[in-house]
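Asker: Would you be able to build a 3D model of this:
(one chain, ligands or ions: 2)
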Amino acid sequence: MRAVTDLAFDALDYRADQTFAPARYRYVGDERHGWAVQRDGAELLRLGPGYRLLRVRECGVCSTDLARHRLPFPLPQLIGHEVLAVDERGRRYVVEINASCHARGLKDGCAFCRAGLPTHCPRRITLGIHDLPGGFGPWILAPIAACLPVPVNVPDAAAVLIEPFAAALHGVRMVDPKSGERIAVLGPRRLGMLAVAALAGVRANMRARGEDFAVAAVVRDPALLPLAAKFGATEGRLLGDGVADASFDVVVDTTGNPDGLLTALRLARREVHLKSTHGQPAGGLRHLTEMVVDELGLAAFPANEPPAGAADWDRLCTGRRPRVAWLAKSRPPTWLLARADVRCGEPAELAAQFAADQAGLPRADVAVADGAAGVDAAVRPRAGSEEPLVRPRGLVLLHPQTVTADAPLLDAVARRGLRLSTSRCGDFAPALALLASDQELARIGDRLVTHRFRGEQLAEAFATARSRGCIKAVVAQEPR
Ligand SMILES: [Zn+2]
Ligand SMILES: [Zn+2]
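Answerer: Numbering: from 1, shown residues only. Ligands and ions are numbered 1, 2, ... in the order given. Model prediction:
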C-alpha cells in the first residue's frame with residue numbers, strides 16, 4: 001500500500017482587495033481516498049477521490065485572473081488556471097480547469113456530465129478560479145481525467161497557452177468558416193490573437209483541400225497589426241479608418257467590453273461569436289455575460305417549418321423531442337407542436353417544471369421569446385438565482401414579432417437574420433493535436449508571451465499584465 005502524501009508549501013493568495021498575501025498550504029491524502037486541503041493550519045477544503053498531485057512548471061496570467069475580484073467565488077484563493085505541470089517522472093501535462101464528475105472519473109456522474117457537458121457540471125469546482133488551489137503556487141491537485149500529456153513537439157511556451165487556445169479554437173469551430181468567407185477577429189489581444197492563430201490553423205487545413213477563407217484582424221491600436229499578421233491574419237483593418245457595415249461574414253468579438261458587441265453587430269453579415277464575459281448589460285440585454293457562461297446561441301425563429309436536417313434542430317434533437325419554453329405572446333405554430341414538447345407559461349414556472357423532469361437534462365433545450373425581457377428570462381428566469389431556463393449550449397429563438405426597440409442585438413437577429421453564438425471553454429485534445437501537427441502554429445508561445453516572472457513576483461506580474469505594453473505574462477514556478 002502506498003503511503004498517504006503529506007505536503008506543505010508556501011504560496012501567495014489573491015485577496016478581495018486585489019493584493020496578494022502569503023499563506024501556508026498543506027495537502028494530505030491520495031488519489032483514491034481524497035484529500036484534505038489546509039491553509040494556515042485550518043481546513044480549507046475536503047476533496048473526494050479523483051485528484052492527483054502535480055508540480056506546477058508555469059502558469060499564464062489571463063483576463064479572468066485580472067477580473068477575479070469581480071467573480072462570484074470566495075476569496076482569498078490561490079488562483080491561476082492556465083497551468084503547465086509535471087508529474088514525479090518529469091512528464092508534462094496540461095490540465096483542464098473544470099473538476100466535474102467526469103474529470104474526476106466518478107461513476108455516479110450528474111445529468112450534465114452524462115449528457116457530455118462536463119464543463120457545465122453543477123457540482124464542479126474550478127482549478128485556480130473556484131475553490132481548487134491553482135497554478136500560481138508550486139503544487140496543484142488536478143482532476144485525473146483532466147490531465148492531458150503534452151506531445152513532445154509542443155514546446156512549453158505553447159503548452160502553457162493551451163487553455164485560452166482551446167477556448168479560441170472551440171469558438172472558431174463553432175462559427176465553422178466556409179470557403180470564400182471573410183472572418184474577422186475584433187479587438188485581438190490575449191485571447192483574440194489566439195483566435196487569429198486558431199483561424200490560421202483551420203485555414204491551413206482548408207487550403208490543403210484547395211479552399212480558402214480570409215482572416216481579418218480589426219483593431220483600434222495600429223501597433224497590434226504586425227503581431228496579428230504574424231499570428232496568421234490575412235488582412236488588418238483599423239476601426240478609426242471606417243470599416244464598412246457588413247464587411248465580414250463572421251465577427252468574433254474578443255474586445256471584452258459592451259461597445260465591442262455593437263461594432264461586431266454592425267460589421268457582421270452571418271454571425272457574431274461572443275467570447276466576452278464583462279458582466280455588464282450589452283446590446284439591450286441584461287444577461288449577456290450569463291449567455292456566454294452558459295454558451296447559449298441566439299437566432300431567428302424559423303418563419304416556416306425547417307426541413308429535416310436543418311442544423312439547429314438536429315443538434316438539439318439528441319434522441320428525443322426537443323423541449324421548448326414558449327415565452328412569446330402569440331401561439332406556437334402547429335408544426336412546432338408536432339415536433340417538440342412545447343410548454344407555455346411564466347419563465348420561472350416553466351424553469352421549475354423542466355427542473356422536475358426525470359429524463360435528460362432538467363432544462364428546456366430552446367426558448368422562444370419576443371423581446372429583451374423574454375430573452376433575459378430565458379437565461380436567468382428567477383431573480384437572485386443563477387439557475388437558467390435553457391440548458392447549456394441551448395438556443396434562444398426570436399419570434400418574428402419581436403419588439404427590438406433599444407435592443408440592437410435583437411434587431412440584428414430578428415430583422416437581419418444574424419446569429420449570435422457564444423463560447424467559454426474548449427476541449428484541450430483537439431487544440432493539442434492542432435499544435436502538434438503545425439510547427440508554425442506551435443510558435444504561438446514565442447509570439448504572444450511578452451513578459452515572464454518568477455512565482456514570488458505575482459504582484460508585479462499582475463501589474464504588468466494590466467499594462468498596455470504587455471500582451472501575455474507567464475509565471476514560472478521552478479528553475480528550468
Ligand atoms: Zn484563462
Ligand atoms: Zn457532473
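Asker: Show me what residue of the stretch 351-480 of the chain gets nearest to ligand 1.
Answerer: residue 425 (9.4 Å; C-beta to the ion). Glycine gets a C-beta too; all of them are placed from N, C-alpha and C.
Asker: Tally up the residues packed near that residue, please.
Answerer: 17 (other C-beta atoms under 10 Å).
Asker: What is the helix or strand containing residue 348 packed up against?
Answerer: Assigned by DSSP states H and E, residue 348 belongs to helix 347-355. Judged by 3 or more C-beta pairs under 8 Å, 6 or more residues apart in numbering; DSSP states H and E, the packing partners of helix 347-355 are strand 323-326, strand 341-344, strand 364-369, helix 372-379.
Asker: Dump those into TSV; add distance to ligand 1 as well.
Answerer: TSV is the format used below for the helices and strands packed on helix 347-355 (distance: least, C-beta to the ion, whole Å):
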stretch	distance to ligand 1
strand 323-326	32
strand 341-344	37
strand 364-369	29
helix 372-379	23
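Asker: Which one of these lies nearest to residue 394?
Answerer: Comparing the helices and strands packed on helix 347-355 by their distance to residue 394 (C-beta to C-beta), the top pick is strand 364-369, with 5.1 Å.
Asker: Quick one: residues in contact with the closest one.
Answerer: Around strand 364-369, the neighbours that count as contacts under C-beta atoms under 8 Å, 6 or more residues apart in numbering are 301, 316, 322-328, 332, 340, 343, 347, 350-351, 354, 374-375, 377-378, 389-391, 394-399, 402.
Asker: how distant is that strand from the center of its chain?
Answerer: Centroid separation between strand 364-369 and its chain, computed with C-alpha atoms, centre = their mean, to the nearest Å, is 22 Å.
Asker: Check the gap between the closest residue in space to residue 133 that isn't next to it in sequence and residue 26 for me.
Answerer: Nearest non-adjacent residue to residue 133, counting by C-beta to C-beta, 6 or more residues apart in numbering: residue 78, 4.1 Å away. To residue 26, residue 78 is 12 Å away according to C-beta to C-beta, to the nearest Å.
Asker: residue contacts, the closest residue to residue 263 other than its chain neighbours?
Answerer: Leaving aside its chain neighbours, residue 263 sits nearest to residue 186 (6.2 Å; criterion: C-beta to C-beta, 6+ apart). Residues in contact with residue 186 (C-beta under 8 Å, 6+ apart) are 192, 218, 251, 252, 253, 254, 255, 260, 263, 264, 267.
Asker: is it true that the last one touches residue 246?
Answerer: Yep, that's residue 267 we're talking about. Yes - contact status for residue 267 versus residue 246: in contact at 6.9 Å, counting by C-beta atoms under 8 Å.
Asker: So those two - more neighbours on which side?
Answerer: residue 267 (24 against 13).
Asker: How about the contacts made by the more buried one?
Answerer: 184, 186, 218, 243, 245, 246, 247, 248, 251.
Asker: Out of those, name the ones that lie in helices.
Answerer: Using DSSP state H, no member of those falls within helices.
Asker: any idea which of these has the most stuff around it?
Answerer: Neighbour max across the contacts of residue 267 (other C-beta under 10 Å) = residue 251, 31 neighbours.
Asker: one step back: quick one: buried ones out of the contacts of strand 364-369?
Answerer: Buried subset of the contacts of strand 364-369 (neighbour count, 16 or more other C-beta atoms under 10 Å): 301, 316, 322-328, 332, 340, 347, 350-351, 354, 374-375, 377-378, 389-391, 394-399, 402.
Asker: ok so, going back, now render the contacts of residue 267 as a markdown table, adding pLDDT and distance to ligand 2.
Answerer: A markdown table is the format used below for these (pLDDT from 0 to 100; distance: C-beta to the ion, whole Å):
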| residue | pLDDT | distance to ligand 2 |
| --- | --- | --- |
| 184 | 98 | 36 |
| 186 | 97 | 34 |
| 218 | 97 | 38 |
| 243 | 91 | 43 |
| 245 | 93 | 43 |
| 246 | 93 | 41 |
| 247 | 95 | 42 |
| 248 | 98 | 37 |
| 251 | 98 | 33 |
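Asker: Columns distance to ligand 1 on top of those residues, output as JSON lines?
Answerer: Formatted as JSON lines, these follow (distance: C-beta to the ion, whole Å):
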{"residue": "184", "distance to ligand 1": "23"}
{"residue": "186", "distance to ligand 1": "19"}
{"residue": "218", "distance to ligand 1": "23"}
{"residue": "243", "distance to ligand 1": "29"}
{"residue": "245", "distance to ligand 1": "32"}
{"residue": "246", "distance to ligand 1": "32"}
{"residue": "247", "distance to ligand 1": "29"}
{"residue": "248", "distance to ligand 1": "26"}
{"residue": "251", "distance to ligand 1": "22"}
